[in-house]
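>>> next input, structure requested:
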Amino acid sequence: MASSPPRSSAPRFANSTAGRGLAGVLIGCLAYKPQFGLLIPLVLMVSGRWRVFAAAAVTVALLALAITLVFGAEVWTAFLVSTRFTRMIVLKQGGTGWFKIQSVFSLVRMWGGGIALAYALQGAVTLLVAATLGWLWRTAAAFPLKAAALVIGCLLATPYSLDYDLMLLRRRSPILPSTDRPTASSLSKKLCWPRCGSCR
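Below you'll find the predicted structure:
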């Protein structure tokens, strides 16, 4: 009789203490792209994944400490300066090009809307996405659906998401069976606006 594929043990590992700790560490490592982490703490809290939440928080704290020890405290001043440049030149003035920023904020600005309107609509979408994810992750829905919705939500919730960041929609988790279950890519095709080239 043929042996089961190695991935058959993945769900057990994912639900173990070690698996949850590893998940938290990997989530914490995503802090280098902080604009995509707005909703991850929310879903971890509403779904009661406190070990994952704690592991992620400790990972971020250790990374921040390591960066400070290696580069000095002034690195954080430089980081704040860079965020101001990104906000003023790239985001508000569209220095990168509105067509490259895949967000509600950029969509409004591209069609001539003001900054206040763009922020208001982006904020409304972010709150709607957060509420939807908060509800979804408290239900008994299949985990692949929850995971795909979270990936899409992370992209929709930020005003600063460039076109190359949409590669996240093409990924399928290696620990999930290769079936017709929803993926971020399949769900995003129903949500993305026509200007999103990767959804065509």
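
>>> from now on I want contacts and neighbour counts done on CA atoms only, so please keep to that.
Noted.

>>> can you pull out the helices in this structure?
Assigned by DSSP state H, the helices in the chain fall at 10-14, 17-29, 40-46, 50-71, 74-85, 104-110, 115-136, 143-156, 184-188.

>>> which stretches of this structure have low pLDDT?
1-15, 17, 171-200 (pLDDT under 70).

>>> again, only this time at 90
1-24, 26, 29-38, 79-102, 110, 143-144, 147-148, 160-200 (pLDDT under 90).

>>> alpha carbons only: can I get stretch 138-156 in CSV?
Provided in CSV are the C-alpha atoms of stretch 138-156 (Å, rounded to 0.1, in the frame of the first residue of the first chain):
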residue,chain,number,x,y,z
ARG,A,138,-15.3,33.7,14.3
THR,A,139,-17.4,31.4,12.1
ALA,A,140,-16.9,27.8,11.3
ALA,A,141,-16.0,28.5,7.7
ALA,A,142,-13.2,26.5,6.2
PHE,A,143,-9.7,27.7,7.0
PRO,A,144,-8.6,28.1,3.3
LEU,A,145,-11.5,30.5,2.9
LYS,A,146,-10.5,32.5,6.0
ALA,A,147,-6.9,32.5,4.9
ALA,A,148,-7.7,33.7,1.4
ALA,A,149,-10.0,36.4,2.7
LEU,A,150,-7.3,37.6,5.1
VAL,A,151,-4.7,37.9,2.2
ILE,A,152,-7.2,39.9,0.2
GLY,A,153,-8.2,42.0,3.2
CYS,A,154,-4.6,42.9,4.0
LEU,A,155,-4.2,44.3,0.5
LEU,A,156,-7.5,46.2,0.5
